[in-house]
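Engineer: Next come a sequence and a model predicted from it.
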Amino acid sequence: MLAQLDTIQTEALAAIAGITDEAALEEVRIAFLGKKGSLTAAAAGMRDVPAEQKKDVGQKLNEVREAITSALEATAAGLIAKKDAAAFANLDPTLPARPLPKGGLHPLSLVLDEAVKVLRRMGFALAEGPEIETEWHCFDALNTPADHPARNESDTFYFENGKLLRTHTSSVQIRTMEKETTPVRIIAPGSAFRRDEIDATHLSAFHQLEGLYVDRRVTLADLKGTLEYFFREIFGSKTEVRFRPHFFPFTEPSFEVDLKLQAAGRAAKWIEIAGCGMVDPAVFAEVGRKRGDAAYDPEKVTGFAFGMGLDRLAMILYGIPDLRLLIENDVRFLTQFR
Ligand code: DAH
């Protein structure tokens with residue numbers, strides 16, 4: 001029995017030495033260690049071994065199994081190493097990695113960042129207010145009478161409790177003056193909502209940037225200087241800016257601001273870009289009534305305000321022909337602004 005086991009070991013190790021691939025390895029393993037393998041068969045013979053030899057034979061059996069198993073494992077490891085080496089042979093690990101797809105900022109974020117940067121340089125601080133507003137903040141305090149068309153059910157999203165989705169960011173003027181005393185110099189970018197039919201130039205949710213400066217002796221010259229500087233920073237130092245008399249309930253006098261812009265290959269054209277004006281004393285009076293103090297005494301303070309559409313600004317700046325592109329999240333569109 002001991003001699004038989006020696007023979008099996010010698011045969012097995014010789015067979016393993018000749019192995020060159022995984023299939024052969026598996027064949028050899030089965031031939032010796034498999035259910036019908038020669039070592040397994042020899043082990044079955046243990047029951048016929050006389051009791052006094054069982055210990056020696058059993059030990060030998062374990063040694064032989066051990067020797068065959070470790071030879072098989074070593075050969076398997078060698079085969080894997082060879083395969084790895086072959087796979088790496090055509091690979092240059094020093095090549096740069098393939099670039100991962102990169103995200104970018106939405107064109108609206110880009111315009112907003114740019115606008116805020118310029119205005120902060122002029123001393124404007126960021127302010128905010130709620131998108132769900134009271135009628136008082138959105139209209140009454142802004143000197144907008146109850147019969148004004150902007151307050152119409154068909155133009156404004158009203159809630160059953162009487163609140164509404166703010167139709168402009170001008171409500172932040174009131175929110176700020178309620179909390180803070182002069183001087184106030186703020187910008188408030190944010191969403192505004194109107195029940196507009198959606199088309200190439202209208203969205204029912206859009207973005208505005210509001211500005212307010214209140215102090216003693218703020219003049220129309222300050223307003224013109226501020227907006228001219230702002231638009232020239234955004235559109236270039238030669239940009240012509242025009243203030244055209246207009247009407248807004250909360251400013252007097254009021255203006256619409258036009259820029260003379262020239263799209264590539266077209267004649268220059270005046271394009272309306274913002275509304276602005278000197279804060280109407282009636283607005284200060286209403287804020288003062290609510291505050292219960294004289295911080296905004298219309299006899300003592302003056303101010304200017306302005307508001308512009310950020311979506312429109314992005315359209316003009318980037319030549320975007322249709323506002324709906326801004327909300328469709330089409331990657332082919334968005335990747336053009338990286
Ligand atoms: N709130 C106006 C709108 O949505 C824009 C505007 C006009 C804002 C004149 C102002 C302003 O602050 O002074 O159409």
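Structural biologist: Here it is on my side, so go on.
Engineer: C-alpha from now on. contacts and neighbour counts both.
Structural biologist: Noted.
Engineer: excluding its backbone neighbours, what's nearest the residue most central in space within the chain?
Structural biologist: For the chain, the residue nearest the mean C-alpha position is residue 105 (6.9 Å; Cα atoms, centre = their mean). Distance criterion Cα to Cα, 6 or more residues apart in numbering; nearest residue to residue 105, sequence neighbours excluded, is residue 338 at 6.7 Å.
Engineer: Count the neighbours of that neighbour for me.
Structural biologist: Number of residues near residue 338 (other Cα atoms under 10 Å) recorded here: 11.
Engineer: follow-up on the earlier one: I figured the residue nearest to the centre of the chain hits residue 333, correct?
Structural biologist: No - in this structure, residue 105 is not within contact of residue 333 by Cα atoms under 8 Å, at 11.8 Å.
Engineer: Run through the helices of the stretch 51-200 of the chain in chain order.
Structural biologist: Counting by DSSP state H, counting those that start in this stretch, the stretch 51-200 of the chain has helices at residues 54-89, 107-121, 135-138, 171-179.
Engineer: Relative to the ligand, which of those helices is closest?
Structural biologist: Judged by Cα to the nearest ligand atom, the one of the helices of the stretch 51-200 of the chain that comes nearest to the ligand is helix 171-179, at 7.9 Å.
Engineer: Residue 174 - how many residues pack around it?
Structural biologist: Applying other Cα under 10 Å, we find 22 residues neighbouring residue 174.
Engineer: no wait, residue 98
Structural biologist: 6.
Engineer: Next to the ligand, which bits of the stretch 51-200 of the chain? Give me the list.
Structural biologist: For the stretch 51-200 of the chain, the residues in contact with the ligand (Cα under 6 Å from any ligand atom) are 168, 170.
Engineer: Of all residues in the stretch 51-200 of the chain, which one is closest to the ligand?
Structural biologist: Residue nearest to the ligand within the stretch 51-200 of the chain (Cα to the nearest ligand atom): residue 168, separated by 4.5 Å.
Engineer: so that residue touches residue 137, yeah?
Structural biologist: No - counting by Cα under 8 Å, residue 168 stays clear of residue 137, with 10.5 Å between them.
Engineer: List the contacts of the residue nearest to residue 126 when sequence neighbours are not counted.
Structural biologist: Nearest non-adjacent residue to residue 126, counting by Cα to Cα, 6+ apart: residue 187, 5.1 Å away. Residues in contact with residue 187 (Cα atoms under 8 Å, 6 or more residues apart in numbering) are 116, 119, 124-127, 209-212.
Engineer: one step back: look up how far residue 244 lies from the residue of the stretch 51-200 of the chain closest to the ligand.
Structural biologist: To residue 244, residue 168 is 21 Å away according to Cα to Cα, to the nearest Å.
Engineer: Kindly report the same for residue 81.
Structural biologist: Going from residue 81 to residue 244 by Cα to Cα gives 80 Å.
Engineer: pLDDT score for residue 77?
Structural biologist: Looking at residue 77, its pLDDT reads 93.
Engineer: Look up how far residue 66 lies from it.
Structural biologist: Residue 77 is 16 Å from residue 66, by Cα to Cα.
Engineer: go on, residue 81?
Structural biologist: Counting by Cα to Cα - residue 81 and residue 66 are separated by 23 Å.
Engineer: Equivalent analysis for residue 108, please.
Structural biologist: Counting by Cα to Cα - residue 108 and residue 66 are separated by 71 Å.
Engineer: those strands in the chain, which residues are they?
Structural biologist: For the chain, the strands defined by DSSP state E occupy 125-126, 132-133, 164-165, 184-193, 205-215, 240-248, 251-261, 269-279, 302-309.
Engineer: Next, format those strands as TSV and append distance to residue 289 and mean pLDDT.
Structural biologist: Output for these, formatted as TSV (distance: least, Cα to Cα, whole Å; pLDDT from 0 to 100):
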stretch	distance to residue 289	mean pLDDT
strand 125-126	25	98
strand 132-133	19	98
strand 164-165	23	97
strand 184-193	18	98
strand 205-215	17	97
strand 240-248	21	97
strand 251-261	18	96
strand 269-279	16	96
strand 302-309	17	98
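Engineer: Reformat the ones you listed as a markdown table; add distance to residue 224.
Structural biologist: Formatted as a markdown table, the strands of the chain follow (distance: least, Cα to Cα, whole Å):
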| stretch | distance to residue 224 |
| --- | --- |
| strand 125-126 | 19 |
| strand 132-133 | 30 |
| strand 164-165 | 31 |
| strand 184-193 | 15 |
| strand 205-215 | 12 |
| strand 240-248 | 8 |
| strand 251-261 | 10 |
| strand 269-279 | 9 |
| strand 302-309 | 10 |
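Engineer: For beta bridges, what are the partners of the closest residue to residue 228 other than its chain neighbours?
Structural biologist: What sits nearest to residue 228 in space, not counting adjacent residues and going by Cα to Cα, 6+ apart, is residue 241, at 6.2 Å. For residue 241, the beta-bridge partners are residue 259 (DSSP bridges).
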